[in-house]
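Trainee: No sequence on hand, only this structure:
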């Protein structure tokens, strides 16, 4: 907990444009993200705050929003019950409904996976990624975070090809996730895949890349960033 | 209990971040629909989440649609709350509070400009209004909205998303921001600080 608050504070001060908290084991463990935790992070943040993890009902979402989240991100529960996207969008507006997608390249076909927070429970959802993106947007998703599982955690760069394909198939903001290892990777994903944002975890957690320096670098490469 | 700010309760879910932002600035706040408490508060914030018609209906039920226009202390409308200060909104053809002349209009979506407009956007400011004291020209703020008010004589900060629109407005004691200052980093905090101490 102390580490999490410390990280949130550091990212805020370094100039992160948004903080996403993933309680990735919530869905495979059959529980929902810890509310008191949401509250304590929201208290210190002055940037948009998105929370993900086992949000599977309107009530879960309302509680998380009341505790200070600005957006909620749903992944496995949306796959289990796609109507949840419609219900959340109707009740709270598309602007706070983010759909997270874990997608894997299987011999040129991108497929959606679920419960990815626990390797023993991870399974293929039976959906193709582009189909799911189009359906979720119709249902009211206001933003996508596409986590490209082949690239995730290996720091070899974002999956430009897959992100470009999804970019061409949705109109709402698309956030790239999975694969950031260097500043150049961020430049590539903004310039080539035309994403609206790039999410990274380990390179920031481990201080391999400093957010302020990254933004200066991107600005120097003519990518519009908030200074 | 005497508080620094009365926040008008409208049923929106996202009030927590605003209250936290005020706390970080050392200001106390209460969430209320009580006309007496609102009238006696040194400052008033009208937040807004959701649809214009629904928000006006809630103000009407609390009989605040007639109280708010008569307030004399500094009032800050945020997001939809700013739009409510104007004559009306195209959203469900809603009549609003009418303190400031103008009307909110829907953005037109295009391939590279999805609606709602969501994200950080720069704001060009007019010559040194008190509410924007200490904030750089073209500073970035965080927006989440589908409707926007054109640039009017009350506009003191302008942003652009396919068309120019009012990002910050001020007319007498009535002020408003289309963006969320509570989620706009240091610039947003400075604006709230200005509202708490720099305007009258």
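Mentor: Nice, I can see it. Just so you know, these numbers come straight off a predicted model, no measurement behind them.

Trainee: Say whether chain A is contacted by stretch B:33-53.
Mentor: Yes - applying CB under 8 Å from any CB of the partner chain, one finds stretch B:33-53 touching chain A at B:49-50. C-beta: built from backbone N, CA, C; applies to glycine.

Trainee: same deal with stretch B:4-11?
Mentor: No - among the residues of stretch B:4-11, none lie within reach of chain A under CB under 8 Å from any CB; the closest is 11.5 Å away.

Trainee: average pLDDT for that stretch?
Mentor: Mean pLDDT, stretch B:4-11: 89.

Trainee: In chain A, where is pLDDT below threshold?
Mentor: A:1-2 (pLDDT under 70).

Trainee: residues of the helix or strand containing residue A:79 that come out buried?
Mentor: Residue A:79 is part of helix A:76-80, with elements assigned from DSSP states H and E. Using 16 or more other CB atoms under 10 Å in any protein chain shown as the burial criterion, the residues of helix A:76-80 that qualify are A:76-79.

Trainee: if I've got this straight, residue A:135 is in a strand?
Mentor: No - applying DSSP: H, G, I helix; E, B strand; the rest coil, one finds residue A:135 to be helix, outside a strand.

Trainee: Phi and psi next, for the closest residue to it other than its chain neighbours.
Mentor: Using CB to CB, 6 or more residues apart in numbering or on different chains and skipping the chain neighbours, the partner closest in space to residue A:135 is residue A:82 (6.7 Å). Dihedral angles of residue A:82 (phi, psi; degrees, to the nearest 10) stand at phi -60, psi -30.

Trainee: Flag every residue of chain A that's near chain B.
Mentor: A:12, A:15, A:17, A:39, A:42-49, A:62, A:65-68, A:70, A:92-96, A:142-143, A:171-173, A:196-197, A:226-227.

Trainee: Just the ones of those residues in strands?
Mentor: A:49, A:143, A:197 (DSSP state E).

Trainee: correct me, but the last one touches residue A:173?
Mentor: Yes - because the distance of 6.9 Å satisfies CB atoms under 8 Å, residue A:197 is recorded as touching residue A:173.

Trainee: what's the longest helix in chain B?
Mentor: Taking DSSP state H as the criterion, chain B has its longest helix at helix B:185-197.

Trainee: List the contacts of it.
Mentor: Counting contacts by CB atoms under 8 Å, 6 or more residues apart in numbering or on different chains, the residues outside helix B:185-197 that touch it are A:12, A:15, A:46-47, A:226, B:4-5, B:21-22, B:24-25, B:27, B:43, B:74, B:76, B:130-136, B:139-142, B:168, B:175, B:177, B:179-182, B:184.

Trainee: quick revisit: nearest to residue B:65, of the ones in strands among the residues of chain A next to chain B?
Mentor: residue A:49 (31.8 Å; CB to CB).

Trainee: and that closest one, what is it in contact with?
Mentor: A:18-19, A:21, A:41-42, A:68-71, B:17, B:183.

Trainee: can you give me the helices for chain A?
Mentor: A:2-14, A:35-44, A:58-66, A:76-80, A:83-92, A:129-139, A:160-167, A:183-193, A:202-205, A:211-220.

Trainee: what about the closest residue to residue A:193 other than its chain neighbours, how many neighbours?
Mentor: In space, and not counting its chain neighbours, residue A:193 is closest to residue A:163: 3.8 Å by CB to CB, 6+ apart. By other CB atoms under 10 Å in any protein chain shown, the residues close to residue A:163 number 26.

Trainee: In this structure residue A:163 contacts residue A:191, no?
Mentor: No - Residue A:163 is beyond contact range of residue A:191, at 11.7 Å (criterion: CB under 8 Å).

Trainee: ok so, going back, hey, what's in contact with both of residue A:197 and residue A:173?
Mentor: residue B:119.

Trainee: pLDDT wise, what is the closest residue to residue B:86 other than its chain neighbours at?
Mentor: Using CB to CB, 6+ apart and skipping residues adjacent in sequence, the residue nearest residue B:86 is residue B:102, 4.5 Å away. Here the pLDDT value assigned to residue B:102 is 97.

Trainee: Confirm that residue B:102 lies within a strand, as I assumed.
Mentor: Yes - the assignment for residue B:102 is a strand, going by three-state DSSP.

Trainee: quick one: low-confidence ranges for chain B?
Mentor: For chain B (pLDDT under 70), the answer is B:1, B:11-14.
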